[in-house]
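Trainee: Could you work out the structure for the sequence below:
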Amino acid sequence: MNTTQIVLLAGSSLLLLGAGNDMERYAAPPPSPRPATPPGQVLFSDDFSEGELRGWKVDKEGVWSVRRGVLRGDLPDDRQQKSFLYAGSEAWSNYAVDLDVCGMRGADKGVAVRVVEGETGIAVDLRGPGYQDVLLQRREWPMGKARVPNGNGQWHHLRIEARNHRYRVWVNGAVLIDKEDPKKARSRGGIALAAYTGGVGECTLYFDNVVVTALGNGTAAASADGD
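Mentor: Numbering: from 1, shown residues only. Next up, the predicted model:
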């Protein structure tokens, strides 16, 4: 085999690799689940059927869009890239978030609660290929971790409860994390959906059926211990 043939074959391999990445990036997710009806007063909900990001605030242009009635997040291929989509009120205190999420590329699928814009909140990261777990974190500090299979190309249901300083995380109907924050760092704030490339360096994911419901005094202002 001569040098020209080797170069052509290498180029063909790169084209095929690029085509495979593009196929995953632009592939439609499976049909999303029927929306759940969690108990409690609804503070916010969006099933993206209107095709607009009404009630949301983006931190980066070109990452978030609504396609075929579901929310899509897609980041450039590079490590440690992230973007957030914010909703809700900084006065929210005790509440639960239910949502469906489907990763297509990458490992990380995230949502944060008690977020004050410009600051971090309490984050839940459902990590797929290479990890198969769910993390609860306050900034970079781990608060909880559990193993759970959550492959790409499939919808998974997340529920996060924030009550006082206790956080409970369900994945596909099972309670996997139940922890109290010893620092009592957060007592109020809205929500944020997250797209994050992590160390894998890629992220394409979909969200649907986002519902926030009050738990007790869900719309009350923060308690005296504050942030």
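Trainee: quick one, helices of the chain?
Mentor: Remark: helices assigned in the chain by DSSP state H are 3-26.
Trainee: Pick out the residue nearest the middle of it.
Mentor: The chain has G110 as the residue nearest its centroid, 2.5 Å off, counting by Cα atoms, centre = their mean.
Trainee: any idea how far the residue nearest to it when sequence neighbours are not counted is from Q41?
Mentor: Using Cβ to Cβ, 6 or more residues apart in numbering and skipping the chain neighbours, the partner closest in space to G110 is A194 (3.5 Å). C-beta: built from backbone N, CA, C; applies to glycine. Distance from A194 to Q41, counting by Cβ to Cβ, to the nearest Å: 25 Å.
Trainee: With E180 instead?
Mentor: 24 Å.
Trainee: How about H165?
Mentor: For H165, the distance to Q41 - Cβ to Cβ - is 21 Å.
Trainee: Of those two, which one has the most company?
Mentor: Higher neighbour count among H165 and Q41: H165, with 18 against 11, using other Cβ atoms under 10 Å.
Trainee: Now for that one: which residues touch it?
Mentor: Shown in contact with H165 (Cβ atoms under 8 Å, 6 or more residues apart in numbering): 180-181, 184, 186-187.
Trainee: One more pass at 7 Å, please.
Mentor: 180-181, 184 (Cβ atoms under 7 Å, 6 or more residues apart in numbering).
Trainee: now do W56
Mentor: By Cβ under 7 Å, 6+ apart, the contact set of W56 is 85-87.
Trainee: now do 6 Å
Mentor: By Cβ atoms under 6 Å, 6 or more residues apart in numbering, the contact set of W56 is 85, 87.
Trainee: same check, this time on the one 4 residues further on
Mentor: Listed by Cβ under 6 Å, 6+ apart, the contact partners of K60 are S83.
Trainee: Isn't D133 up against L126?
Mentor: No: the criterion here is Cβ atoms under 6 Å, and D133 misses it with L126 at 8.1 Å.
Trainee: Neighbour count: those two, which is higher?
Mentor: The residue with more neighbours, out of D133 and L126, is L126; 25 against 18, by other Cβ under 10 Å.
Trainee: Next one: the closest residue in space to the more buried one that isn't next to it in sequence from A36, what distance?
Mentor: Nearest residue to L126, sequence neighbours excluded (Cβ to Cβ, 6+ apart): K109, at 4.5 Å. From K109 over to A36 the distance is 17 Å, taken as Cβ to Cβ.
Trainee: Looking only at neighbour counts, state which of the two leads.
Mentor: The neighbour comparison of K109 against A36 (other Cβ under 10 Å) goes to K109, with 28 against 13.
Trainee: V124 is in contact with that one, correct?
Mentor: No: using Cβ under 6 Å, K109 is not in contact with V124; the gap is 9.1 Å.
Trainee: would you put the C-alpha positions of stretch 35-48 in CSV?
Mentor: The C-alpha trace of stretch 35-48 is given here as CSV (Å, rounded to 0.1, in the frame of the first residue of the first chain):
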residue,chain,number,x,y,z
PRO,A,35,-46.0,13.8,32.0
ALA,A,36,-46.4,12.9,35.7
THR,A,37,-48.7,14.7,38.0
PRO,A,38,-46.8,15.1,41.3
PRO,A,39,-48.9,16.2,44.4
GLY,A,40,-48.7,19.7,45.7
GLN,A,41,-49.2,23.3,44.5
VAL,A,42,-47.6,23.7,41.1
LEU,A,43,-45.1,26.6,41.2
PHE,A,44,-43.8,26.2,37.6
SER,A,45,-44.2,23.7,34.8
ASP,A,46,-43.2,23.4,31.2
ASP,A,47,-43.7,20.5,28.7
PHE,A,48,-42.2,22.6,25.9
